[in-house]
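Colleague: sequence isn't available, so here's the structure alone:
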């Protein structure tokens, strides 16, 4: 793999990992609601699930390339439905207060499992590996390295969105309805794009 291909992969990973998507918007909302410290379980769940999906994409990308035409529509629609569900969950959220116990802290498992229906993550891994890596490197160690490399960009993007949510927590508690509507619309857009594109 030459420098031009590697730099193109890096730009793709950076843009995709840092752009709005289910993980980043969920973390923005969750840290705005609970703060960064109380969202660590969700963050580590997302990162662990993300890495697991990247490793699966790396280990099976050559074989999945043949199976993808049959699987993509189902994964795409399952992911779109989950994102739609997630958008309505975000819309109903209320700020956490001392007397408000109806909001439950997000769990490691919810973040982990989200990755298996997050079509953005799945397609990110498959497209990056099949387009940028497999034509040049096909050994298992190389594919595993690039799975970690792709995860790094996803994780740093997640962290940036989580920190932004944490910083704006005070404003979230005051203007949570407006904030939730904006996030709802962003997630709704993600879901609609998956259904129709």
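Modeller: Arrived safely, thanks for sending. What you are looking at is a predicted structure, and each value in this text was computed from that prediction instead of being measured.

Colleague: what is the subsequent helix or strand relative to the helix or strand where residue 77 lies?
Modeller: For residue 77, the enclosing helix or strand under DSSP states H and E is helix 40-92. Downstream of helix 40-92, the first helix or strand assigned by DSSP H and E is helix 108-114.

Colleague: roughly how far apart are the residue nearest the centre of the chain and residue 153?
Modeller: In the chain, the residue lying closest to the centroid (C-alpha atoms, centre = their mean) is residue 23, at 3.3 Å. Going from residue 23 to residue 153 by C-beta to C-beta, to the nearest Å gives 12 Å. C-beta here means a position set from N, CA and C on the backbone, and glycine is covered the same way.

Colleague: what packs against the strand or helix carrying residue 195?
Modeller: In the assignment (DSSP H and E), residue 195 maps to helix 169-196. When contacts are defined as 3 or more C-beta pairs under 8 Å, 6 or more residues apart in numbering; DSSP states H and E, helix 169-196 packs onto helix 22-34, helix 40-92.

Colleague: ok now the shortest one, how far from the chain's centre?
Modeller: The reference is to helix 22-34. 11 Å (C-alpha atoms, centre = their mean, to the nearest Å).

Colleague: quick one: work out the angle between that helix and helix 169-196.
Modeller: Between the axes of helix 22-34 and helix 169-196, defined by axes from the mean of the first three to the mean of the last three C-alpha atoms, to 10 degrees, the angle is 160 degrees.

Colleague: what mean pLDDT does helix 22-34 have?
Modeller: Averaging pLDDT along helix 22-34 yields 87.

Colleague: packing partners for that helix?
Modeller: helix 40-92, helix 108-114, helix 119-128, helix 140-167, helix 169-196.

Colleague: for the third one, buried residues please.
Modeller: So that's helix 119-128. Neighbour counts over helix 119-128 (16 or more other C-beta atoms under 10 Å) mark 119, 120, 121, 122, 123, 124, 125, 126, 128 as buried.

Colleague: elements contacting that helix?
Modeller: helix 3-18, helix 22-34, helix 40-92, helix 140-167.

Colleague: how about the second one?
Modeller: Contact analysis of helix 108-114 by 3+ C-beta pairs under 8 Å, 6+ apart lists helix 22-34, helix 40-92 as its packing neighbours.

Colleague: could you tell me the least trusted of those helices?
Modeller: helix 40-92 (a mean of 77).
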